[in-house]
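Undergrad: My questions are about this predicted structure, shown below with the sequence.
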Amino acid sequence: MSKRRVSPKRARGPLGVVDNSSIEVKSDGEWHVRLVTGSASTKDYRCPGCEQLIRPATPHMVIWPVQKALLSDSALDERRHWHTHCWRRKH
């Protein structure tokens, strides 16, 4: 029987995708930014930048603050899905 080569598992982030997040600084603070590929997107989200739907299979970004809000259990509770162009346009 031939041996199958198994690649090592890559770290998966809280959204179930390979961790590819970075930190960006905007006028309202520091934010974790993660790119989501179209194939990893399986449901509708509402973009807080334009209030329009992000349809399934649409590449977009997931954003959450580096510092959690005072009344939140975790900064991940505050994550939001943004259209890439809406996030880039944000000050």
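TA: Happy to help now that I have it.

Undergrad: Flag the shaky bits of the chain, pLDDT-wise.
TA: 1-19 (pLDDT under 70).

Undergrad: what helix or strand is the residue nearest the centre of it on?
TA: Geometric centre of the chain, nearest residue: Val62, 2.3 Å, by Cα atoms, centre = their mean. Using DSSP states H and E, Val62 sits in strand 60-65.

Undergrad: Sheet-wise, list the partners of the longest strand belonging to the chain with their directions.
TA: When the chain is parsed with DSSP state E, its longest strand is strand 29-36. Using DSSP bridges, strand 29-36 pairs in its sheet with strand 22-26 (antiparallel), strand 60-65 (antiparallel).

Undergrad: Run through the helices of this protein in chain order.
TA: 84-89 (DSSP state H).

Undergrad: Next, count neighbours for the nearest residue to Asp28 once chain neighbours are set aside.
TA: Spatial nearest neighbour of Asp28, excluding adjacent residues (Cβ to Cβ, 6 or more residues apart in numbering): His91 at 8.0 Å. Glycine gets a C-beta too; all of them are placed from N, C-alpha and C. Using other Cβ atoms under 10 Å, His91 has 5 neighbouring residues.

Undergrad: Perfect, that will be all.
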